[in-house]
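Novice: Sequence and computational prediction follow.
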Amino acid sequence: MEWEKIYSSKLCSAEEAVQHIKSNDVVVFGECASEPPTLVNAMVANADAYRHVRIEHMLSLSEVSYANEKYRDNFYYGGFFCCAGNRDSVNNGVGDYLPVNFSEIPRHFKSGMLPVDVCLVLASPPDENGICHICGVGGYTYAATQYAKTLIVQIDKNVPVINGDTGIRVEDIDHIVESDTPIRELTPPAIGTEERAIGKYCASLVEDGSTLQVGFGTIPDAVMEALRGHRHLGIHTELMTDSLFDLVRSGAVDNSMKAINRGLITTAIVMGTKASYEQYDHNPDLEIRSVGYVNDPYIVAQNSKMAAINGTLEVDLTGQANSESIGYRQYSGVGGQVDYLRGTSMSRDELGKSILAMKSTAALKNGRTVSKIVPVVGEGAAVTVNRCDADYIITEYGIARMRCKTLKERGRELIGIAHPDFRDALERAFYERYHVMP
């Protein structure tokens, strides 16, 4: 076949491939499992050849070695999310964070507002038609492969093949590096008592026949556990995790009542353990789409009984929520939270729900425990969800509804779901603000 000759002509070593990265280039990595470890390691090993290479990606499952202080003149992180590996880099001035809604990234690549000089991605070997499939994502990665000036692909036989916006034609690849490495996994965290209580409250708001979007972590996993008795649920989510797949296996999900993409799980990313990747491989019931589609609020709004369940870091007594920073310190990113909040608020059937779920307290490194329901959002913190858009807030102590509530009504509801140790202080703050007791 003609594509086989083209494929052979583009084969090279990882060391040769990364020589096509130049100083001052913008290099976009595939997100999550599609980040190509062999290429990234080769790039870091070649660091002395570069100056001020800007790295962009969303969540990384790697050690993010390029963010090490010793590479501050070589690499510069300026991407869309903070994770454990690059958080210090962003907050000590070496790197930076780009606030952007997840759904918007593909069109910014297309317009050139976010240029992609080089895209590094992990993909499957080509099929009989010469099509390789990106590892577990459409996300922004699919768009990055389309608009990159130089596309370098790590081909690995361990990559699952998933239908949807994952295909790359061999002839569109500039350089190919072959590997045989395990796919990066995300092990589910242990669920505690508080998370299970939150999960049950969240599940109580989800009707049979609803379409779900959830984030990742212990609280979303607890919600999925609590939903196993539901029926005819659908999935339209930016991220498909092990807990969601467990929900499918429980019989709660059949996607039969979805208003769009009926019968299919629709997601932008899959991320989990090896067992789940094997379940996703050639699965006709699952499709990956670009996040420009999956997270588009207009698309989200078309789903029936859409329930979006996400986490947050703190909520003030007016309903403002900070989901991405701790004071001035950038902690994560906005991701798709606002995309789904807007989509549920525009719900075509007027039954959309946006749920922010969190534990009522947080333990600090110095041993102190603080309330996550606060009088005002902390100094320097981001307001990810403004008070006009807030809908449901949930802790292990209950559910507070914000929509169509006055400021005083909101404050009273939020104090009612705060940890009991902090309610007196919150009541005093309420009195100082409104001159009445809650």
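Specialist: Here it is on my side, so go on. Nothing here was measured: the structure is a model prediction, and the numbers come from that model.
Novice: Residue 382: what secondary structure?
Specialist: Assigned with DSSP: H, G, I helix; E, B strand; the rest coil, residue 382 falls in the coil class.
Novice: gap between it and residue 371?
Specialist: Distance, residue 382 to residue 371, by C-beta to C-beta, to the nearest Å: 18 Å. Bear in mind the C-beta positions are built from the backbone N, C-alpha and C, glycine included.
Novice: Show me which of these two is the more surrounded one.
Specialist: Taking other C-beta atoms under 10 Å, residue 382 and residue 371 do not tie; residue 382 has more neighbours (24 against 19).
Novice: Can you verify my assumption that the more buried one contacts residue 327?
Specialist: No: between residue 382 and residue 327 no contact is recorded; they are 10.0 Å apart, counting by C-beta atoms under 8 Å.
Novice: Can you show me the CA trace of the helix-or-strand element of the chain with minimal mean pLDDT as CSV?
Specialist: Every helix and strand in the chain was compared by mean pLDDT, DSSP states H and E; the lowest is helix 274-280, with a mean of 89. What follows is the C-alpha trace of helix 274-280 in CSV, where atoms were taken according to Å, rounded to 0.1, in the frame of the first residue of the first chain:
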residue,chain,number,x,y,z
LYS,A,274,-5.2,-0.8,31.9
ALA,A,275,-8.4,-2.9,32.4
SER,A,276,-10.6,0.1,31.3
TYR,A,277,-8.4,0.9,28.3
GLU,A,278,-9.0,-2.7,27.2
GLN,A,279,-12.7,-2.2,27.5
TYR,A,280,-12.5,1.0,25.5
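Novice: helices or strands next to that helix in the packing?
Specialist: Counting by 3 or more C-beta pairs under 8 Å, 6 or more residues apart in numbering; DSSP states H and E, the packing neighbours recorded for helix 274-280 are helix 242-249, strand 265-270.
Novice: can you list contacts of it?
Specialist: 33, 136, 160, 162, 182-183, 185, 240-242, 245, 270, 286 (C-beta atoms under 8 Å, 6 or more residues apart in numbering).
Novice: Now list the buried members of these.
Specialist: Among the contacts of helix 274-280, those buried by neighbour count (16 or more other C-beta atoms under 10 Å) are 33, 136, 160, 162, 183, 240, 241, 242, 245, 270, 286.
Novice: got the phi/psi numbers for the third one?
Specialist: Yep, that's residue 160 we're talking about. Reported as degrees, to the nearest 10, the phi and psi values for residue 160 are phi -70, psi 150.
Novice: Give me the distance between it and residue 279.
Specialist: As defined by C-beta to C-beta, residue 160 lies at a distance of 9 Å from residue 279.
Novice: same deal with the second one?
Specialist: Computed as C-beta to C-beta, the residue 136 to residue 279 distance reads 12 Å.
Novice: quick one on the thing from earlier: most packed of the helices and strands packed on helix 274-280?
Specialist: With neighbours taken as mean count of other C-beta atoms under 10 Å, the helices and strands packed on helix 274-280 reach their highest mean count in strand 265-270, at a mean of 28.
Novice: and that strand, average pLDDT?
Specialist: The average pLDDT within strand 265-270 is 97.
Novice: Any idea what residue 393 is bridged to?
Specialist: residue 356, residue 400 (DSSP bridges).
Novice: neighbours around it, how many?
Specialist: The burial count for residue 393: 25, using other C-beta under 10 Å.
Novice: Just confirm residue 364 contacts residue 370, I think it does.
Specialist: Yes: here residue 364 reaches residue 370: they are 6.3 Å apart, a contact under C-beta under 8 Å.
Novice: Compare the two (neighbour count), which wins?
Specialist: The neighbour comparison of residue 364 against residue 370 (other C-beta under 10 Å) goes to residue 370, with 13 against 9.
Novice: Under the pLDDT cut-off, which ranges of the protein? List them.
Specialist: By pLDDT under 70, the weakly predicted segments of the chain are 1.
Novice: The residue positioned nearest the centre of it is in what secondary structure piece?
Specialist: Centroid-nearest residue in the chain: residue 335, 5.3 Å away (criterion: C-alpha atoms, centre = their mean). Following DSSP states H and E, there is no helix or strand that holds residue 335.
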